[in-house]
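Q: Build me a structure from this.
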Amino acid sequence: MLKKERHDFIMRQINLHNRVLTSDLVQLLNVSEDTIRRDLQELVDDGLLFKVHGGALSKSYHSSFDDSTVYARDSKIIIAKKAVNLIKDGMVVLTGGGTTILEFIKQLPQNIEATFFTISPLVAVELAKYNNIEVILIGGLFSKNSQVTYGGQVITQLSELKADLCLMGTSAIHPEEGLTDTYWEINQLKKAMLAAAKKTAVLCISEKLDIALRLRVCHIESISYLITELDDNHESLTGYLAKEINIL
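A: As a prediction, this is how the structure comes out:
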């Protein structure tokens, strides 16, 4: 594979999952670790991503103020507008982090009255712009890779919560394998978030459909809503329509 092809592949993985592991890229591209490190450094030098220990992160994952670097932003705006219809005055809402959740926050009506719990400092900052929203940031260890709080302290706090609705993004979703992730700590965090809400909505661009990663978060039947940018009868959603979930 040519270097440009490797770079294009790496950027696609970054855009879809917001982060990549060097070890995963070595296996997927069948090249040496030194080659991947050089590729990542060149992409960093070009201003396309952030290099971190063991891999790299999307630039859009680090700021809620720069929309220009958000991958598939038009699709995420469509998803966000659909998700906003689930929010009613007086609700208690739990959110994860990520660019789609940030887009959802930006689409909320200015006069909405609700309580939002979140594990994302960037989401908390965006929520603070609304006068009638109470914002509760769940504190704990901070993941530089995922830009959210995690760990035992966070999971304990989540165990004491029963929100009306949990909104989360996902790295991958599959009709048979369910929600999956690559990182153990994020996997455990998402399990706790699912248990902390009466209903869960997964916000997901269609490029992440039919993908399964190494760690299962939950079976597809454990979520209440799957929200994509597609029409709810699109052929790409056929496998999900057969499950007991609402497609928006």
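Q: Might you list the low-confidence residue ranges for the chain?
A: Within the chain, the ranges that satisfy pLDDT under 70 run 60-69.
Q: so who does the residue positioned nearest the centre of the chain touch?
A: When CA atoms, centre = their mean is applied to the chain, the residue found nearest the centroid is residue 169 (3.1 Å). Residue 169 sits next to 96, 97, 98, 99, 100, 101, 202, 203, 204 when contact means CB atoms under 8 Å, 6 or more residues apart in numbering. C-beta: built from backbone N, CA, C; applies to glycine.
Q: so what's it bridging to?
A: Residues in a beta bridge with residue 169, per DSSP bridges, are residue 203.
Q: what do you get for the one 5 residues further on?
A: Under the criterion DSSP bridges, residue 174 forms beta bridges with residue 178.
Q: any idea how the protein splits into domains?
A: 3-64, 70-247 (automatic domain parsing).
Q: As a check, name the ranges of all helices in the chain.
A: Here the chain has its helices, by DSSP state H, at 3-17, 22-29, 33-45, 73-84, 99-106, 121-127, 152-159, 184-195, 238-241.
Q: So which elements touch the fifth one?
A: Contact partners of helix 99-106 among helices and strands, from 3 or more CB pairs under 8 Å, 6 or more residues apart in numbering; DSSP states H and E: helix 73-84, strand 92-95, helix 121-127, strand 163-169, strand 197-203.
Q: Go ahead and confirm residue 213 touches residue 181.
A: Yes. The pair residue 213 / residue 181 is scored as a contact, 5.7 Å apart, by CB atoms under 8 Å.
Q: on that earlier part again, show me which of the contacts of residue 169 is closest to residue 162.
A: residue 96 (16.8 Å; CB to CB).
Q: Look up the closest residue to that closest one, ignoring the ones flanking it.
A: Once flanking residues are discounted, residue 96 sits nearest to residue 168: 3.9 Å by CB to CB, 6 or more residues apart in numbering.
Q: Please tell me I have it right and that neighbour contacts residue 95.
A: Yes. The criterion here is CB under 8 Å, and residue 168 meets it with residue 95 at 7.1 Å.
Q: which neighbours do the two share?
A: By CB under 8 Å, 6+ apart, the residues touching both residue 168 and residue 95 are residue 101.
Q: got the helices and strands packed on helix 99-106 as TSV, with distance to residue 175 columns?
A: Output for those, formatted as TSV (distance: least, CB to CB, whole Å):
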stretch	distance to residue 175
helix 73-84	19
strand 92-95	24
helix 121-127	28
strand 163-169	18
strand 197-203	13
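Q: Of those, give the one that comes closest to residue 52.
A: helix 121-127 (16.6 Å).
Q: Just the residues contacting that closest one, thanks.
A: Contacts for helix 121-127 (CB under 8 Å, 6+ apart): 63-64, 95-97, 101-102, 105-106, 116, 118, 133, 135, 137, 142, 147, 149.
Q: cutoff 10 Å now
A: 61-65, 93, 95-99, 101-106, 108, 114, 116-118, 120, 133-139, 142, 147-149, 167 (CB atoms under 10 Å, 6 or more residues apart in numbering).
Q: returning to that earlier point: packed most tightly, which of the domains of the chain would that be?
A: Mean neighbours per residue, mean count of other CB atoms under 10 Å, is largest over the domains of the chain for domain 70-247, with a mean of 18.
Q: how far does that one sit from the chain's center?
A: Distance of domain 70-247 from its chain centroid, counting by CA atoms, centre = their mean, to the nearest Å, is 7 Å.
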